[in-house]
Every structure is written in structure tokens, then in C-alpha cells.
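Peer 1: following is a predicted model, sequence given first.
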Protein chains: 2
Amino acid sequence: MSADSQPKKKLIEPRTLKGFRDFLPESMIPRERLIERATRVYRSYGFCPIDTPVLEYLEILLGKGSDETDKQLYRFKDSGGREVGMRFDLTVPFARFSAQHFAELGTPFKRYHLAKVWRGENTQAGRYREFMQCDFDSIGTTSVISDVETAMVINDVLEKVDLRTEGTFDKFKIRLNDRKILNGALEKLGLSEKVVPTLRALDKLAKIGADAVVAEMAQTAGATEEQARGILELTLARGTNEEILARLEKSLEGNERGLEGVAEVRQILESVRATGVPEGRFMVDVSIARGLDYYTGVVFETFLDDLPQLGSVCSGGRYDNLAELYTKQKLPGVGASVGLDRLFAGLEELGMVEKVATTVDVFLPFFDASLATKYCEIAAGLRKRGIGVELYPEPKKLGAQLKYADKKGFKLAVVVGSNEAEAGVASLKNLRDGGATEVPLEPDALASAIVAALGS
Amino acid sequence: MSADSQPKKKLIEPRTLKGFRDFLPESMIPRERLIERATRVYRSYGFCPIDTPVLEYLEILLGKGSDETDKQLYRFKDSGGREVGMRFDLTVPFARFSAQHFAELGTPFKRYHLAKVWRGENTQAGRYREFMQCDFDSIGTTSVISDVETAMVINDVLEKVDLRTEGTFDKFKIRLNDRKILNGALEKLGLSEKVVPTLRALDKLAKIGADAVVAEMAQTAGATEEQARGILELTLARGTNEEILARLEKSLEGNERGLEGVAEVRQILESVRATGVPEGRFMVDVSIARGLDYYTGVVFETFLDDLPQLGSVCSGGRYDNLAELYTKQKLPGVGASVGLDRLFAGLEELGMVEKVATTVDVFLPFFDASLATKYCEIAAGLRKRGIGVELYPEPKKLGAQLKYADKKGFKLAVVVGSNEAEAGVASLKNLRDGGATEVPLEPDALASAIVAALGS
């Protein structure tokens, strides 16, 4: 009597783990587009893809990030009794990889790696426990040219993030600094033994304000008020890049390390200018430190003009030695990472993500069962001419099929009923404005008509 | 006195877990190419990308494959005490995904999913514990048109696997069968209660020979010699597709289910023929059963002509209900999976994988320090014109740089020393034959010369 008259099966509730998510086509299609565009930029500079296992020996991963990453690590004993962990970033596996394959890779070596990483983050903060990283690095060279290329790659990727168009996006800024400038300044101020607590206090500037930073520097770094104000003044310098650099040169006079940092920043700015990057895209910002221990030279952060509160969507910098925990081989390098999930969230908020649930523009309704083979033939003919097309799989009323097409976001429908097939024509229907034109069913003519209709 | 005079640090041995591997650029570049080509085919049919988490609740994964997959599962308790596991295939997550998002997705729904899966395989068999699956499925329809499309996608992907060229590969065969044919035949022979043991014995035919199969069928399925020879005869039928189908129609006379299977195969062959697939590409092979429980209609296996022993590189078929463990919603479908790692191994063996360790063709040596910015400018000008170029990051003797370029596999070098820069020219060096021509350093002219040189 009821729909349940057949023996009940106990169903398993279909659900994802807390902090994990599925991606449906509507999100995954633009994500793939963004990844492809970033990849195309990386490749255009000669960066090469690599891949490493998701699982690593625990000893490779443990103690390589912070206490925080250790705590958040997904770790377990595998069935062979090995202590293993899921990677929490792509840098540690790259360090292990570089040490392991050094002889084969040679230097300089430029790699990109786009892959998922896992961290047992607090999900209350809106964070995910599985996310994508898109790293690129040049190792085995200390040349400032690699710093320049890092800057240019960040710029080129960001210029391509408007997923609605093939055009150039320009509402973003790349802020750069050099750790040598900060270190030089601390040396000059007599704080060179107190770099870590000083910069840690400085990092809180936006949150707690200047006075509290001065107080913290006094407490944790033993800095006098004068020393603290001195470092604050330097990092708060505003003006044109040239003004800031000139002021830094004056403040750092006689400090070799600090002046070296200024010269590097100057060279980077000069080179990116020569490549035609718009004035003002790169901004010197001495307050950017990017963590405390890792970076040793130039550092970058990238912000969307209209969403400064989003934070940096692409960050990186130069380091002295990538893989010192795994090899005696010294591997200096420079690189950056696109924060794909954060960037994508920003693009969605700015309306720069086209919402479609189809990978093709052309829809081929199926509404005459006797034409099944004909439909396959028409679709194959278009695909051979480079036009993707989705054929509805079964006969149904045209209205229902067009509703499906509309929901998915197709642009054109090629309507062929028995009358059209007999007359050797198709009705090419524009799904946006509802207009229709009759075109020949012959593959070349049909393909041309579609290309013309999509282009207009 | 020694290189070790500095305090020794205990290094961690850089190594990957047993059964896991790194991919260096030389392998990863062609792998990415293969993945891109497969993706392009999937998309051209309107298949859409999805993604699901690597980790799932254990109850989602457990008992969904075989005892074998349960045993091989990477499973653990996460720090929140949840029992979790790493996915061992992409079908079970897709079943969970379809049940969970059914209302939003609607039907028909066509997805592709290219991602890694994990199984604690016996590595002595040369198997890896982390590998890539490339699945595509159409769900929510029982139409034979979706079977046809599955066949065509397999064909189109395989036609694109020669990674040395953009041309069409044709040395492969797709074997197809229909489970209804096998089931109908077993019904007719009075073995319909013994499908599982009968087909399990049949699966061993190539290994143990006909007589042993007959013996096993007698033992495990209680089949008489006549019944066993009957099923053997049917599955061993050779000849043209039409001859085999005609013979099947005769043997299956009066058995509705079996004849339905024959009709489906006929429709698929007719439709793929209409799309221009070469005669002989698809072969009816009644011995193909593809596992015992899962498939209910058409089944496919794909073999490279020159490496039959490699096994099927792309397999799939039709099933009645994808997600019955998670939802009452019935989801019939059809799909297949490209065995990327196996296929790639085959392509390497056949010499169809070009070995390069660069993503660009053009190398720009750096051998005059004063031209650093000029080099950045030249490289940027080429990239703007769609030509990828790698700039060597530091000044070095030209010979050493060209050795690097040669090792990586670049095709052209754009040589610009101070003399060339002053004269406004570049020397365009063909790295294959050593020939060189002088071209203007102006970006458009240089780009045209490079395109011409690469095309020849």
C-alpha cells in the first residue's frame, strides 16, 4: 500500500566531514579556469610541474611548520606500522623532493605545484580543512632576476583573474619589501639580537595600534621608546616608491645589509617597469615582514583594491636555504603561492565569476526518437570542428529540454526535428534572447553559423 | 680542516613512502598533457568537473568495494575522534555526492572527476599505493544514447594519446559486450541462478584454458558439460561484429533480455559508425564481463594493439543504480574510467611520450650582467605575444647555459650579448641542429622569427 512496501534498507546518510566540502560544477568550472590560467602563466616562464605524494613519513612533516601546523596535522599509523601524515603545505614536500632528487634536477630549478593540502583547522573561523595551494619557486640561484620573475608571475596571474572575460584585470596591488631592510634597520637601532620579538610586535600594528606596539617592544625586546619609535617610523613610511626608498637609504646609511635590501627592491622595480607593468602596481611597504624566520630577502603580498580586508591573495619571498633539514646542499630560492581558495572567494564577492554549470555553449535537444543516430552524427561533426556540444540523452518535450538548458547556462540550441532533418536545416536558437535563425544542417555551415552566433 | 668543521646537524633522510612516488618534470609534463587532452574531450561532450574531499567518513567507504578494498583502505581516527578513510576510488564518493546533492544537480547529470585515490596494495606486484583515476559518468538516464557517448568519449580520448604530436592515434581497439547478453544466455542454458560462479570461472579462461573452465563450472555452478560448453562457445564467438551479433540472435532466440542486449550493442555500433569512427575500432567480445555484480548493461574494455598484455586502459559500462546505499532516489547511469597510470606506462613503452623537462620551447641565455633588465624586457615582450620563454637567472658562460638548455630540451635560444643589443639584433640559435640566424630584436619581428623557426 505504501511506497515502503518493499523491504527497507538502512540508508547511510550522505554527508561530508566537518571542514570539508564538495565542489559542484558551478564552482568547479570557474576554479578549473582559474587554475588553468595560473598554470599557463607559470609555464610561460619555464616553471615545470612536479607532483609529490599526499602522504609522507611523519618525520618529514613534523616540526617543519609551526606548533600550530604540528597540532593540525592529519597523522596516523599505516597498516605497515609506519607513522605517516598528510601534507599541510607544498613547501615541506618540495624541500624533501629537492633534497632527494637534487642530482637529477640540477640547478637552477623552477617548479610549480598545484595540489591539495590538509590542516585540522578550527572550522568555527570559517576555515576549511582541505584546501588548494598553487606554489611556484625558483631554487638554486640567488640572482635578483629570479626575484623579478617572481614579481612578474604574481602580476601576470592576477591580471588574468577576471573569469568572465579574457581581458586584463588591474584592480590589485603588489606590496613588496626586503627582509634585509628590516634587519638592517634593526641593526642600526641596536636591536639586531631582538629581531623576532620586535617583528612579532610590529606585525600587530594594524590590530593594536602604535602605542601598544611600542609597549610590547619594550616588554618583549627590551627596546627603548626611541628604538621602538624608530622602527615604527621606518615601517610606516608612506609616499611614492622613490620617496620611500630615498628615505630608507638615508636612514640606513652605513648599514651594508640594509642598503643591499634597498638596492634589490630598486632593481626589481626597475625591471618590472621595463616589462610594461603599470606604474603604481608595485608598492614598497616596509611593514610587510611575512612571518619571522623563513624569509631572508624580498617579500611580496598582494591585495585586491576593492577587498583589502580579504588579506593577501598571493604571497612569497626569498629564502636562503630550502632543504637544510634534509641535505647539506644549500638551496637558496624565491617563490610565492597563490591562495586559490581565498582569491576565489574574493572574486565571487566581486562578481568576477561567471556562474554556469556547463562546459560547452551549445545544446542539442533530442526530441525525435527516430533521429537518435542523426543527433550523434551532428554532435560529432561539431566536435570535430572544435565546437563542444551536449546532446540531451533522451526524447522529451522541447520545453522541458530548453528549461534544462537554461538552468545550466547554455548559450545556443541547435534544434532539429523531423521536419528540419528532412529539409536539411537546423533552427539555431539563441537561449539568451530567444531569437532563432534557420541554418543548413551541413557540418561546416552549421559550425560557421554557431561560431558567428557565439561571437556576436 | 674538513668540510664538516661546522657543527653537524642530524639530517632527516629525504625519502618517499613505499608504494608512493614523486613525479619529476620529465614525467609530469606529459602526464599533464595527457590529462588536459582527456579533459578537453570530456568537456566537448558537456561533462562537467566536480571535486570531492580526499577524506570521507569511514561508513561511506567501508563495504562499498570488495573485501580487498576494505583491507587496503587508509583509515584512521581524526583528532575529533571521527573514523575516517582516504577514498579508494572515485565511484563511491560520486555515489555519496549524487545522493547528497541530487536536488541541486538534477538529471541527467554528466560529471568528470580526475583525482588521486589510495589503496594499500601489495607493492611487490609493481603496484602503487597512490594513483590517478579519470572517471566520467552520465547519470539519471537509461538512454542508449549515453552508452553511445561513453563509447565515443573513450574513442576520442584514445585518439589523442600520442603525446609527441597533435595527430590522431589509431592503434587501439575498444571491445564491447552487454551484460544482458551474458545473463540471457545463462537463462537460456538454465544457469540463471548461477551467474556469479559461472562468470567467475569464465573470467579465468585466458589463464587456465577451456577444459579447466568447464571443470570449474561443474564444480562451483553445478553446470553440466553441455551447459558449460554452451556458454564457452557463445563467449568465444569470433568473426565480424555482424556475424557475432547474428549468431547471438540465433542462440538467444526467445530470450527477451538477451535480445535486448544484442539490440543495444547494435544501436551503439550503428551510432559510432555514423560519427565516422573507423570500421573495426569497436569489436563485439562476449567474453568481457567486467566484474560480476556492478554492471547491468553495456560494458567496455580498451586495448592498445601493440601492448595487449598491458590489459584494458579504459573500462566501464552501464549500471542500474549508483547510489542505492545513500538514497532511495534511483540513479541509473553509464560511465568509464581511463587508467591513467597504466595507459601512461604503455605510452612510454611504445615511445609515444616526448621526454622534455621544460614547458617552453625558447631559452634566453643571460651572459651580460649589464643587460639584466633588457633580458626581462625581451622575455616579457615574447610572453605578451604568446611565446613562453625561460630566462636563465644569472650571468654564466654561454656554453654552460646552452648545456643546461640542451639537457632540458629547449628548441631555440635567443642569444643577445652586448654587441647584439647595441646593434638591435638577436642571434636565433636552433638547439637541435646548431644553426643560427640573425633577427631584429624588435618584439614583433623576433616573435615572428621564433614562430617560423618552431614551425619548421
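Peer 2: Nice, thanks for sending it over.
Peer 1: just how off-centre is stretch A:423-436 within its chain?
Peer 2: How far stretch A:423-436 lies from its chain's middle: 39 Å, per C-alpha atoms, centre = their mean, to the nearest Å.
Peer 1: quick one: check that stretch for contact with chain B.
Peer 2: No: for a cut-off given as C-beta under 8 Å from any C-beta of the partner chain, stretch A:423-436 has no contacts with chain B; the smallest distance is 14.2 Å. In short, each C-beta sits where N, CA and C put it, glycine included.
Peer 1: what does stretch A:60-77 give?
Peer 2: Yes: for stretch A:60-77, a contact with chain B is found by C-beta under 8 Å from any C-beta, at A:60, A:74, A:76-77.
Peer 1: now those residues in TSV, with pLDDT?
Peer 2: Below are these laid out as TSV (pLDDT from 0 to 100):
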residue	pLDDT
A:Ile60	95
A:Tyr74	97
A:Phe76	97
A:Lys77	96
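Peer 1: pick out whichever of those sits closest to chain B.
Peer 2: A:Phe76 (3.4 Å; C-beta to the nearest C-beta).
Peer 1: I'd assumed B:Glu83 was in contact with the closest one.
Peer 2: No: look at A:Phe76 against B:Glu83 with C-beta atoms under 8 Å: they stay out of range, at 11.3 Å.
Peer 1: what touches both of these two?
Peer 2: Any residue near both A:Phe76 and B:Glu83 by C-beta atoms under 8 Å, 6 or more residues apart in numbering or on different chains counts here, and that gives B:76-77.
Peer 1: looking at those two, which is more packed in?
Peer 2: Comparing A:Phe76 with B:Glu83 by other C-beta atoms under 10 Å in any protein chain shown, the one with more neighbours is A:Phe76, at 20 against 13.
Peer 1: show me what the helix or strand where the more buried one lies is packed against.
Peer 2: Element membership for A:Phe76, per DSSP states H and E: strand A:75-77. Strand A:75-77 sits against strand A:83-86, strand B:75-77, with contacts defined as 3 or more C-beta pairs under 8 Å, 6 or more residues apart in numbering or on different chains; DSSP states H and E.
Peer 1: now A:Pro395. Nearest residue, chain neighbours left out?
Peer 2: A:Ala369 (4.6 Å; C-beta to C-beta, 6 or more residues apart in numbering or on different chains).
Peer 1: count of residues packed around the one you found?
Peer 2: A:Ala369: 10 surrounding residues under other C-beta under 10 Å.
Peer 1: ok, stretch A:150-159 near chain B or not?
Peer 2: Yes: Stretch A:150-159 reaches chain B (C-beta under 8 Å from any C-beta) through A:152, A:156.
Peer 1: pLDDT at the closest residue to chain B within the stretch 251-400 of chain A, what is it?
Peer 2: Nearest residue of the stretch 251-400 of chain A to chain B: A:Glu390, at 2.8 Å (C-beta to the nearest C-beta). We note a pLDDT of 98 for A:Glu390 in this prediction.
Peer 1: now it, what's its secondary structure?
Peer 2: Three-state call for A:Glu390 (DSSP: H, G, I helix; E, B strand; the rest coil): strand.
Peer 1: cool, thanks, talk later.
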